[in-house]
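Novice: Pasting the sequence and the predicted model now:
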Amino acid sequence: MGTGKMENVEHSVTELTSHHQTATESRSRIRRLDDRVIDKIAAGEVIERPASVLKELIENSIDAGARKIEIEIHSGGIQSILVRDDGIGIPRDELNLALTRHATSKLADFDSLERIESLGFRGEALPSIASVSRMSLVSRTADESHGWKISCDGGGEFSEPEPVPQAVGTEIEVQDLFFNVPARRKFLRTASTEFSHLRKLVKQMALSRMEIDIRLQHNGRQVDRYPAAYSEGALKSRLKTVFDSHMADNSISVEFEEHGIRAAGWIAPPDYTRSQPDLQFLFVNGRGIRDRRLAHAIKQAYMDVLFDSGRFPIFALYLNFNPELADVNVHPTKSEVRFKQPREIYWFILRAVRNALSGDQPGTRRMSRSALDSVELPKVAGFPDQQQNTMRLPAESIWATDTTSETQQQMTRQSEPIDQDSPSVVPPLGFAIAQLGGAYVLAENKEGLVIVDMHAAHERLNYEKLKTEYENSKLQVQTVIVPHVIKVSSQEAEIAIANQELLEDLGFDVSLASDTAISIRSVPRILKDCDIEKLIRDVIADLIEHGSTNRVEHVRNELLATVACHSSIRANQQLSIPEMDALLRQMEVTEHSGYCSHGRPTWNQITMKELDRLFYRGR
């Protein structure tokens, strides 16, 4: 930067910062804030937009044991939000207390914070909403012959309870949100934008409690309906409404448990992703949360099979564990959780998703029908208790190759003779019938026609073989003649030294050269020609942001993928029927065989119905 530009920047910064008086230049007396001001400040932490209001109201309904929740929205929630449930209701003598700050039925004492099971517990939601809106609350318990109604305008005095007709349950209506806080109201977006946030919130709630019937209306029109899901058909219907039919028909089930932590749910196939992370749902003990680290772990699990690393996987994942291992009292909105062992949770969820992706082999997921046809419904909060058997094929290696000629010889030798006339033993990818264009294997299975990209398929098989060989061998480390000295910040240096043992396990001998420099004396032999400085900086950045890293593994796998690509079957290489059948059998028992090492699909299915449709048969 030139001297003139530097002077201009310095002048601008000085001018901007000088406008803010310091505490010593202007000091006001300390005074106690008015209760209504306190309420509005507190409401600003809990209530950000209409979706914040709806979240609190639905959570109250769930905590009240509701089995039916009706939601009516007008003008994106800016005009009004109404939530009606069939829960246990609130007695007349507790109605005013329900709108009083820090009054709750869900928390008895301080120790209860360690084992919170309800969604709400702070006693802040309703008072916060009431302080920035015009609210009415109608409720009736089973012991009462009619309901009682109270109302409040912007945090003022509550009206006296008045008797009204009402079914058992509670109805809360919130009108004119932020009418008395113009500064907040002007930051609300358009009605359509606000409604999109509301709708996503309802999707999250619908996934969190499968047994509750939820209806959503906007401007008098029903938008979404989620009937209670007690069967696979109803569950599939709910997934279709939340996501779409492709996700419901092709989702991969997740079932994983370690050390008392359980993960269950669904993830999308690697070839079905989004340009933004808008269809990612994560639940901890039934509570929907946002967690960048866990979302990062899930995306990292996909890296081996994701074609475009800039896109985002789709998932609905549920974690269940001892409530004492997580603190949900981190933020007033209760949408963030602090884990007592964040690194262990990160690697747990990464392994859970990898395990599901590696099990997504031909035969473990229906090719044309729903993945849910053979899924065991997760036994976690929000799921009915159902059981289904899932077929798994043995994941054992049949053949391995180093050169193309050896590949063909191996395939010919190890192609097991199968009775192709017996329909009961038709394998998932069927039997080879021809080779097309020197690039594709055509096979027939029970569903119809299978088309395999033979180079992409063989590339994945070779890649998995190379990874297994590398992981089973002793890590080869190479000492560098002249150590790499990398300039870093003091924070980066501290992180590097704090994770010295981890870096050593990865093959790096790291020591402190100064307060702002680290020295690298050895590197993994397989990475000796890589940009070590960039790699180490990326590793440290991962450790700072996520507390974990698999950056080295990713770079190593990229090198192995290149080797696998160059040692695989090439286009226009003729294979015999036995060789093609051997390729199909190996694909059926190899992890991630549905995608090459660059994330491209290795095979596709065309069903008989789809073929008939092409030729107008059956019409």
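Specialist: Structure's in. What do you need?
Novice: Could you use CA atoms for every contact and neighbour count after this?
Specialist: Fine.
Novice: Could you list the low-pLDDT ranges of the stretch 501-619 of the chain?
Specialist: The stretch 501-619 of the chain contains residues with pLDDT under 70 at 619.
Novice: And the strands in it, which stretches?
Specialist: 509-514, 517-524, 603-607 (DSSP state E, counting those that start in this stretch).
Novice: What is the shortest one packed up against?
Specialist: Right, the one you point to is strand 603-607. If contacts are counted by 3 or more C-alpha pairs under 8 Å, 6 or more residues apart in numbering; DSSP states H and E, strand 603-607 sits against strand 448-453.
Novice: List the neighbours of the helix or strand just after the strand it packs on that are in contact with it.
Specialist: The helix or strand immediately downstream of strand 448-453 is helix 454-472, counting by DSSP states H and E. Identification of contacts with helix 454-472 by C-alpha atoms under 8 Å, 6 or more residues apart in numbering yields 400-401, 439-441, 557, 560-561, 563-565, 567-571, 583, 586-587, 590-597, 600-603.
Novice: PyMOL command for the buried members of the residues you listed?
Specialist: Entered in PyMOL, the line below selects the buried ones among the contacts of helix 454-472, by 16 or more other C-alpha atoms under 10 Å:
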select buried, resi 400+401+439+440+441+557+560+561+563+564+565+567+568+569+570+583+586+587+590+591+592+593+594+595+596+597+600+601+602+603
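Novice: Neighbours of Ile481, how many?
Specialist: 8 (other C-alpha atoms under 10 Å).
Novice: Just give the nearest non-adjacent residue to Met247, would you?
Specialist: Ala268 (6.1 Å; C-alpha to C-alpha, 6 or more residues apart in numbering).
Novice: Report the contact partners of the one you found.
Specialist: Ala268 touches 247, 250-252, 313-315, counting by C-alpha under 8 Å, 6+ apart.
Novice: just how off-centre is the helix or strand harbouring Leu137 within its chain?
Specialist: Assigned by DSSP H and E, Leu137 belongs to strand 134-140. The chain centre lies 35 Å from the centre of strand 134-140; the measure is C-alpha atoms, centre = their mean, to the nearest Å.
Novice: same question, stretch 195-207
Specialist: The answer for stretch 195-207 is 15 Å, by C-alpha atoms, centre = their mean.
Novice: Run through who's touching it.
Specialist: 50-51, 54-55, 58, 75-77, 212, 214, 216, 226, 238, 242, 281, 288, 316, 382.
Novice: Filter those down to the ones in strands?
Specialist: If you go by DSSP state E, those have 214, 216, 226, 281, 288, 316 in strands.
Novice: tell me the contacts of the first one?
Specialist: In this structure, Ile214 makes contact with 68-71, 206, 225-228, judged by C-alpha under 8 Å, 6+ apart.
Novice: what do you get for the last one?
Specialist: By C-alpha under 8 Å, 6+ apart, Ala316 lies in contact with 207, 265-267, 280-283.
Novice: can you redo the residues you listed as CSV with neighbour count and distance to Val488?
Specialist: Formatted as CSV, the contacts of Ala316 follow (neighbours: other C-alpha atoms under 10 Å; distance: C-alpha to C-alpha, whole Å):
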residue, neighbour count, distance to Val488
Leu207, 27, 44
Gly265, 27, 41
Trp266, 28, 41
Ile267, 24, 38
Gln280, 19, 35
Phe281, 23, 36
Leu282, 22, 35
Phe283, 24, 37
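Novice: now those residues as TSV including distance to Ala167 and pLDDT?
Specialist: Formatted as TSV, these follow (distance: C-alpha to C-alpha, whole Å; pLDDT from 0 to 100):
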residue	distance to Ala167	pLDDT
Leu207	26	96
Gly265	35	96
Trp266	37	96
Ile267	40	96
Gln280	36	97
Phe281	33	97
Leu282	34	96
Phe283	32	95
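Novice: on that earlier part again, got JSON lines for the contacts of Ile214, with distance to Asn8, pLDDT and neighbour count too?
Specialist: Converted to JSON lines, these look like this (distance: C-alpha to C-alpha, whole Å; pLDDT from 0 to 100; neighbours: other C-alpha atoms under 10 Å):
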{"residue": "Lys68", "distance to Asn8": "63", "pLDDT": "98", "neighbour count": "20"}
{"residue": "Ile69", "distance to Asn8": "60", "pLDDT": "98", "neighbour count": "22"}
{"residue": "Glu70", "distance to Asn8": "59", "pLDDT": "98", "neighbour count": "17"}
{"residue": "Ile71", "distance to Asn8": "55", "pLDDT": "98", "neighbour count": "22"}
{"residue": "Ala206", "distance to Asn8": "55", "pLDDT": "96", "neighbour count": "25"}
{"residue": "Arg225", "distance to Asn8": "59", "pLDDT": "96", "neighbour count": "17"}
{"residue": "Tyr226", "distance to Asn8": "59", "pLDDT": "97", "neighbour count": "25"}
{"residue": "Pro227", "distance to Asn8": "63", "pLDDT": "96", "neighbour count": "18"}
{"residue": "Ala228", "distance to Asn8": "64", "pLDDT": "95", "neighbour count": "19"}
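Novice: Alright, calling it a day.
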